[in-house]
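In: Structure for this input, please:
(2 chains)
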Amino acid sequence: MNKTTSWFNVTSLVFGFAFLYVPILILVVYSFNASKLVTVWGGFSTRWYAELLHDQAIIDAAWVTMGVGILSASFATVLGTMAALVLDRYSKFHGRALFSGMVYAPLVMPEVITGLSLLLLFVAVGFDRGFWSVVIAHTTLTMCFVAVVVQSRLVTLDRSLEEAALDLGCPPVKTFFLITLPLILPGVVAGWMLAFTLSLDDLVIASFTTGPGATTLPIKIYSMVRLGVTPEINAISTILISVIAVGVIVASVLSHRSQVEKEKAERAVFLAG
Amino acid sequence: MAERGTQEVRPFLAKWALVAVPYLWSLLFFLAPFLIIFKISLSQTAIAMPPYLPVIGSLGDLWTKLSDFTFDNYIFLTEDPLYYSAYLSSLRIAFVSTVLLLIVGYPIAYGMARAPKSLRNALVMAVILPFWTSFLIRVYAWIGILKPEGLITIALQALGILGPGEQIHVYNTETAVFIGIVYSYLPFMVLPLYAALEKLDATLLEAAADLGCPPTKSFWVITFPLSLPGVVAGCFLCFIPIVGEFVIPDLLGGSETLMIGKTLWAEFFNNRDWPVSSAVAVVLLIILVVPIVIFQNQQKKA
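Out: Below is the predicted model:
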């Protein structure tokens, strides 16, 4: 009986992960296709990558996307960490229900609604649409994800260190930067990464809130896809996928290492005690 | 005493600022836009040619504007069968995809939770990784696979299942949309399921087996009921955004697939009718309020 269930488990894992990864793998492989036809293999070539380097519109879009991503992820990390602290620490204040509602709702809100509503806000207050309107929109969307990630870290946090610092007269703000922030740092870093990749990824909200001169990469890719499948799109996609994969793996290794070191230190303290 | 007073004021200020900054940001950029969307949905189409929308000026101005408010856009939505069939079809597609996601995701999450402990973190990472890579790119990847002259056709022709002239017609149908949705949302379903299944106490299953309960029965009597919180979380996490999904039906569904996210997009970008697209968004929001509230209560309990 045990054997059949584990056989079942292995099969479902193999099929599940094949389903998740084979399409991405095919996409990457065909970015090295010499043929212009995406589905016909014409030999190995890097010509589509060379062509990308000469496509000024794509390079401009890549810079806009990077700028929007870094700025909005940084703002979102600050705001999201604050929101997570509020939700974790203050169980009762006026409007807490509304606040937690506003923090969790964007997680599931269809993007067409968020995008359209933000656009209407920018128009209503006369805010020029362009780079900064996309930054604000992405900050609003991604701060919720940061808040959730950081909050899950805060829940498992040992509060006794903070309490000790406060008892010894350390001011709360200083306590936060000296004690709390280093302890939740892996969550904060993961939150930043998540916010950055979500911003890099977003087509719908950016399309609604962007203006002249602020075409992001997804908007550019989308307009190319509408015209047809080309190996050039595969090449940009491959670059994006590799950048993100390397970033995520480095971040997870770093956070794993800090976790291991923390456990080691704790064990040392325990043995010494 | 005076010194003590200032010491207490500063933490109070810090606390106040900590609450106020994210609160005000969310009020301004999340809640206020919804009020505006509601207002625009009540304004007249004719005077709202973009980007020149009537902007609320002074308060007195507001009262005269109130008389301009009209439910015409909502009435328009009920008159054109395009809209309600788009809503119904979105709900149906979201429901069917959620069920499919549960069927596909459950065995994967189960396999992960039963994998050796040393492997589990790597498996979780492997599920999350595709979620970090671009949504648009992952949907795009399926176009090359599903197209009539795409890889599935080529593979089936090579296997001799399809004749040389025959092609598979999945691209630009609802089936392609289901494939795209299940593919893109799978991590959202697997992770909550895994979180619930991992916590499951294995001794319960052992006890059941010892007492002669067959594995299939103990799955339905023990495992599945205990994983229900994960099932509920995963289903809501998928269902709600899928109802408003735009990218997948637009790229994979063709003109045959009717979904409200696509309708809203077309209304806004192609017809440039802002009041009607706002009305479409408000109705979509009303439809989703109940599942969103249930989802939030679930989140608070977790």
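
In: Show me the shaky parts of the chain.
Out: Reading this off chain A. A:1-5, A:38-39, A:255-273 (pLDDT under 70).

In: sorry, should have said chain B
Out: For chain B, the stretches with pLDDT under 70 are B:1-11, B:45-68, B:299-302.

In: Identify the residue nearest the geometric centre of it.
Out: Centroid check for chain B by Cα atoms, centre = their mean gives B:Pro241 as the closest residue, at 1.5 Å.

In: can the helix or strand where that one lies be found next to chain A?
Out: Assigned by DSSP states H and E, B:Pro241 belongs to helix B:228-243. Yes. Interface with chain A: helix B:228-243 contributes B:Phe236, B:Leu237, B:Ile240, B:Pro241, B:Val243 (Cβ under 8 Å from any Cβ of the partner chain). In this view, the C-beta of every residue, glycine as well, is placed from N, C-alpha and C.

In: Report all helices and strands that that helix contacts.
Out: Judged by 3 or more Cβ pairs under 8 Å, 6 or more residues apart in numbering or on different chains; DSSP states H and E, helix B:228-243 is in contact with helix A:96-108, helix B:81-114, helix B:174-198, helix B:274-301.

In: Nearest to chain A: which residue in the stretch 201-302 of chain B?
Out: B:Gly244 (2.2 Å; Cβ to the nearest Cβ).

In: how many neighbours does that residue have?
Out: 26 (other Cβ atoms under 10 Å in any protein chain shown).

In: now it, nearest residue through space, not along the chain?
Out: A:Pro110 (2.2 Å; Cβ to Cβ, 6 or more residues apart in numbering or on different chains).

In: list the contacts for the residue of the stretch 1-150 of chain A found nearest chain B?
Out: Per Cβ to the nearest Cβ, A:Pro110 is where the stretch 1-150 of chain A lies closest to chain B, at 2.2 Å. Neighbouring residues of A:Pro110 by Cβ atoms under 8 Å, 6 or more residues apart in numbering or on different chains: B:Ile240, B:Pro241, B:Val243, B:Gly244, B:Glu245, B:Gly261, B:Leu284, B:Leu288.

In: let's see 7 Å
Out: By Cβ atoms under 7 Å, 6 or more residues apart in numbering or on different chains, the contact set of A:Pro110 is B:Pro241, B:Val243, B:Gly244, B:Gly261, B:Leu284.

In: Going along the chain, name the helices of chain A.
Out: Listed in chain order, the helices of chain A (DSSP state H) span A:2-30, A:47-53, A:56-89, A:96-108, A:111-125, A:131-155, A:160-167, A:172-175, A:181-201, A:204-209, A:217-227, A:231-272.

In: most packed of these?
Out: Most buried of those, by mean neighbour count (mean count of other Cβ atoms under 10 Å in any protein chain shown): helix A:204-209, with a mean of 26.

In: touching chain B at all, that one?
Out: Yes. Using Cβ under 7 Å from any Cβ of the partner chain, we find that helix A:204-209 touches chain B at A:Val204.

In: For that helix, which outside residues touch it?
Out: By Cβ under 7 Å, 6+ apart, helix A:204-209 touches A:111-112, A:114-116, A:118-119, A:122, A:129, A:133-134, A:137-138, A:141, A:216, A:218-219, B:246-247.

In: Also stretch A:23-34?
Out: A:38, A:41-48, A:231, A:234-235, A:237-238, A:241, B:130, B:133, B:138, B:141-142, B:144-145, B:151, B:183.

In: Over to stretch B:251-264?
Out: By Cβ under 7 Å, 6+ apart, stretch B:251-264 touches A:110, A:112, A:225, B:82-83, B:85-87, B:89-90, B:93, B:139-140, B:142-143, B:171-174, B:176-177, B:180, B:244-246, B:249-250, B:277, B:280-281, B:284.

In: Can you name the residues of the stretch 101-250 of chain A sitting close to chain B?
Out: Residues of the stretch 101-250 of chain A lying near chain B (Cβ under 7 Å from any Cβ): A:101-106, A:108, A:110-113, A:116-118, A:120-121, A:123-124, A:136, A:140, A:171-173, A:197, A:200-201, A:203-204, A:218, A:221-222, A:225, A:229, A:233, A:237, A:240-241, A:244-245, A:248.

In: how near is B:Cys90 to A:Val40?
Out: One correction, residue B:90 is Ser, not Cys. Separation of B:Ser90 from A:Val40 (Cβ to Cβ, to the nearest Å): 36 Å.

In: Please identify which of those two sits among more neighbours.
Out: The neighbour count for B:Ser90 versus A:Val40, taken as other Cβ under 10 Å, is higher for B:Ser90 (25 against 12).

In: so that one touches B:Val243, yeah?
Out: Yes. Contact criterion Cβ atoms under 7 Å: B:Ser90 and B:Val243 qualify, at 5.0 Å.

In: Residue 106: what's it in contact with?
Out: You didn't say which chain, so I picked chain A. Counting by Cβ under 7 Å, 6+ apart, A:Pro106 has contacts A:Thr114, A:Thr140, A:Leu141, A:Cys144, B:Phe30.

In: if you could check chain B rather than the one you did, that'd help
Out: Taking Cβ under 7 Å, 6+ apart, one finds B:Leu193 in contact with B:Tyr106.

In: residues contacting the residue nearest to A:Gly187 when sequence neighbours are not counted?
Out: Distance criterion Cβ to Cβ, 6+ apart; nearest residue to A:Gly187, sequence neighbours excluded, is A:Arg153 at 3.0 Å. A:Arg153 sits next to A:Ile184, A:Pro186, A:Gly187 when contact means Cβ under 7 Å, 6+ apart.
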